[in-house]
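**Q** One predicted model, sequence on top.
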Amino acid sequence: MVEVDPAVAARSLAQVNVARLRAPLDSREQQEFRGALALINMLAEEAPGFIWRHSSGFGHLTGENLLGDPLTTINLSVWESYQHLHDFTYRSRHASYLRRRGNWFTPLPWPTTALWWLPAGQTPSPADAVARLRHLRSYGPTPQAFTVRRRFTPSGHLERATSRGGPGAVPRG
């Protein structure tokens, strides 16, 4: 039997992603996105493994104060595991909205998403989330901030690739 460090077992996965709107949120061009936000947030909150999300008046944080751009949005949430986040993002009804993100957002420099482990019961601040994303952009994937494609375990080890490339995998690149 393998012993599991209780400190490692009691971890949650935080994720932040940033996007830049094609037009101000209250514009006619963003009407479809505005209309979808409540449903997308409800889908997340009802998804297995969902723990918490930072909410604001329109469902995402503005990046104006933290990133200097009023068209940048910040999505910040906490999940029980990467598998739960992956299933919500790519295998639930959310995936259909993800495929249409080009309708609402302009491309940003990579990476736009950062993941990191935190003690269970804690929630990150928006400033911490942006700091994690900046760390990832400066140093690449590390246990402090990593990507969907190069993930670390709660104990800080790089996850091994699997032959199928599924949620436990670390795809090359």
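**A** Now that the structure is in, tell me what you want to look at.
**Q** Residue 38 and residue 55: what is the separation?
**A** 11 Å (Cβ to Cβ, to the nearest Å). Yep, even glycine has a C-beta here, placed from its N, CA and C like the rest.
**Q** show me what contacts the closest residue to residue 139 other than its chain neighbours?
**A** The shortest distance from residue 139 to any non-neighbouring residue, by Cβ to Cβ, 6 or more residues apart in numbering, is to residue 145 (7.9 Å). Counting by Cβ atoms under 8 Å, 6 or more residues apart in numbering, residue 145 makes contact with 114-116, 132-133, 135-136, 139.
**Q** which stretches of the protein aren't confidently modelled?
**A** Counting by pLDDT under 70, the chain has low-confidence residues at 1-9, 57-61, 161-173.
**Q** how about the strands in it?
**A** 11-21, 50-53, 61-62, 72-79, 105-106, 113-119 (DSSP state E).
**Q** Help me confirm that residue 15 comes into contact with residue 81.
**A** No - at 11.4 Å, residue 15 does not count as touching residue 81 under the criterion of Cβ atoms under 8 Å.
**Q** if we can go back for a sec, residue 159: which of the contacts of residue 145 is nearest?
**A** residue 115 (11.2 Å; Cβ to Cβ).
**Q** Could you double-check that the closest one lies in contact with residue 82?
**A** Yes - counting by Cβ under 8 Å, residue 115 touches residue 82, with 7.2 Å between them.
**Q** Residues that sit against both of the two, list them.
**A** Contacts common to residue 115 and residue 82, judged by Cβ under 8 Å, 6+ apart, are 13, 151.
**Q** ok, back up a step: mind picking the two most distant members of the contacts of residue 145?
**A** Between any two of the contacts of residue 145 (Cβ to Cβ), the greatest distance is 14.3 Å, for 115 and 139.
**Q** Residue 41 and residue 54, how far apart?
**A** 11 Å.
**Q** which one of residue 115 and residue 139 has more residues nearby?
**A** Per other Cβ atoms under 10 Å, whichever of residue 115 and residue 139 has more neighbours is residue 115, with 23 against 10.
**Q** For that one, give me its contacts.
**A** If you count contacts by Cβ under 8 Å, 6+ apart, then residue 115 has 13-15, 82, 85, 145-148, 151 around it.
**Q** Now with 7 Å, please.
**A** Going by Cβ atoms under 7 Å, 6 or more residues apart in numbering, residue 115 touches 13-15, 146-148, 151.
**Q** Who is it paired with across the strands?
**A** On the basis of DSSP bridges, residue 115 is bridged to residue 15, residue 146.
**Q** still on that earlier bit, just the contacts of residue 115 now: which is nearest residue 100?
**A** residue 148 (19.1 Å).
**Q** What about that closest one? Give its phi and psi, please.
**A** phi -60, psi -40 (degrees, to the nearest 10).
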